[in-house]
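Student: next come a sequence and a model predicted from it.
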Amino acid sequence: MSEVKRISPKEAHEKMGQGYKYVDVRTEEEFAQGHPEGALNVPVMLPGATGMAPNPDFAKVMAASFPPTAKIVVGCKAGGRSMKAAQLLAQQGFTDVLDQRAGWDGARTEFGQIAELGWSGAGLPKESGAPEGRSYGDLKKKASL
């Protein structure tokens, strides 16, 4: 498997202008609080009784929502979940997946300081709520799950 390319929030925004779709892999609750304008929500992890657990439907929903050649940027809160999601998608045969490092909130140092601004701090276009057709519930329904 080839290494997943990581890009900045500004580069992710530029890629969206070139036809890439932004997939926010945070939870539905995180997504509703704020996300990149135009983003779709497909959580790679879901809250469980003992913390976060892998979303068993992630690959199915992505495969039902996008062809393997789709141009996709994935993002999360700080860059960890999105890297996992990008790697999973590459393993599933997706050929053009980029990981937006620094996520929504920003990448942090080991001491908790912002090392790189995330989408929200970079002043890029954002929205909130669960937009029709782009929410996880809608995408999961479309995938017949």
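Tutor: Perfect, thanks for sending it.

Student: which residues does the most centrally placed residue in the chain bridge with?
Tutor: To find the centre residue of the chain, average its C-alpha atoms and take the closest one (Cα atoms, centre = their mean): that gives D24, at 2.7 Å. Using DSSP bridges, the bridge partners assigned to D24 are N41, G75.

Student: and it, how far from D99?
Tutor: 12 Å (Cβ to Cβ, to the nearest Å). From N, CA and C alone the C-beta is placed, and that goes for glycine too.

Student: now V4
Tutor: Where D99 is concerned, V4 sits at a distance of 5 Å (Cβ to Cβ).

Student: ditto for S82
Tutor: When distance is defined by Cβ to Cβ, S82 is 5 Å away from D99.

Student: anything in contact with each of the two?
Tutor: 74-75 (Cβ atoms under 8 Å, 6 or more residues apart in numbering).

Student: which one's more surrounded, the two?
Tutor: Between S82 and D99, counting by other Cβ atoms under 10 Å, S82 is the more crowded of the two (29 against 26).
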